[in-house]
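Asks: Sequence plus predicted model, see below.
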Amino acid sequence: MSAVARIGIVEDDARIREALLAILSSTTDMVLDGSFANAEAALAGWSENCPDAVIMDINLPGASGIECVQDLSQRWPSAQFLMYTMHDDDQRVFDALKAGANGYLLKSAKPGEILNAIRDLLRGGSPMSAPIARRVVANLRPANNTNVIAEAKLTDREREILELLAEGLLYKEISQRIGLSEGSIKQHIHRMYDKLQVQNRTEAVNRFFGR
């Protein structure tokens, strides 16, 4: 990070661009290096060089901010990209991060939060608005649903038995339904409980159906 960081803006709303420029102008460690209303203009304007960091809107006319980040990050791997948007849905968040974004800030952020996010970005951090950070953490956790089943690697027979348990059938009834002895049913269930790390029928069913 140089003494004075060069910051770019890609935002189609002129009022927001002016507001961001005013925020940058209030500092002595940042200077504006290009302000564009769409991705195409930004890609042309930064064809020879790219700012140290770029504040990027997602919902741009023409190519999206995500597409712009993907292109610029491939051209300039050292550049940092801060998505600045109203959108906080999971798909957009992860599409942006996969495209090369280093941070994700909602437009509800205050001026001080924006400056702190840019500085954090330039120091190698990944600043995110709190709701976005929670989404990322939640998606990194094992899901309490059929994804857990996939990770646990239940056999087809174990899944079949678990579905019958969910219907409320007793061991004897399950034995009659699928043609296995009660002893075999119990063995399958114990192995299934171990894989799912549960202690009883209720926990297993809740884990399987994400209830």
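Replies: Perfect, I can see it now. Numbering: from 1, shown residues only.

Asks: Scan the helices and strands of the chain for the one with the lowest mean pLDDT.
Replies: When the helices and strands of the chain are compared on mean pLDDT, DSSP states H and E, helix 146-152 comes out lowest with a mean of 51.

Asks: That helix: what's the following helix or strand?
Replies: helix 156-166 (DSSP states H and E).

Asks: Could you list every helix and strand in contact with the next helix or strand after that following helix?
Replies: Remark: after helix 156-166, the chain's next helix or strand is helix 171-178, criterion DSSP H and E. Judged by 3 or more C-beta pairs under 8 Å, 6 or more residues apart in numbering; DSSP states H and E, the packing partners of helix 171-178 are helix 156-166, helix 182-196. The C-beta positions use only the backbone N, C-alpha and C, and glycine is treated the same way.

Asks: Any figure for the gap between residue 158 and residue 24?
Replies: Look at residue 158 and residue 24: by C-beta to C-beta, to the nearest Å, they are 58 Å apart.

Asks: domain parsing for this protein?
Replies: According to automatic domain parsing, the chain comprises the domains 5-140, 146-209.

Asks: Would you pull up how far the shortest one lies from the middle of the chain?
Replies: Averaging C-alpha coordinates over domain 146-209 and over its chain gives two centres that are 33 Å apart (C-alpha atoms, centre = their mean, to the nearest Å).

Asks: and if you look at the first one?
Replies: Offset of domain 5-140 from its chain centre (C-alpha atoms, centre = their mean): 15 Å.

Asks: Quick one: the helices in this protein, in order.
Replies: For the chain, the helices defined by DSSP state H occupy 14-25, 39-45, 65-75, 90-99, 111-122, 130-140, 146-152, 156-166, 171-178, 182-196, 201-209.

Asks: could you dump those helices to JSON lines with distance to residue 33 and mean neighbour count?
Replies: Converted to JSON lines, these look like this (distance: least, C-beta to C-beta, whole Å; neighbours: other C-beta atoms under 10 Å):
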{"stretch": "helix 14-25", "distance to residue 33": "10", "mean neighbour count": "15"}
{"stretch": "helix 39-45", "distance to residue 33": "10", "mean neighbour count": "18"}
{"stretch": "helix 65-75", "distance to residue 33": "13", "mean neighbour count": "21"}
{"stretch": "helix 90-99", "distance to residue 33": "21", "mean neighbour count": "17"}
{"stretch": "helix 111-122", "distance to residue 33": "13", "mean neighbour count": "18"}
{"stretch": "helix 130-140", "distance to residue 33": "26", "mean neighbour count": "13"}
{"stretch": "helix 146-152", "distance to residue 33": "43", "mean neighbour count": "14"}
{"stretch": "helix 156-166", "distance to residue 33": "56", "mean neighbour count": "17"}
{"stretch": "helix 171-178", "distance to residue 33": "68", "mean neighbour count": "15"}
{"stretch": "helix 182-196", "distance to residue 33": "54", "mean neighbour count": "16"}
{"stretch": "helix 201-209", "distance to residue 33": "52", "mean neighbour count": "17"}
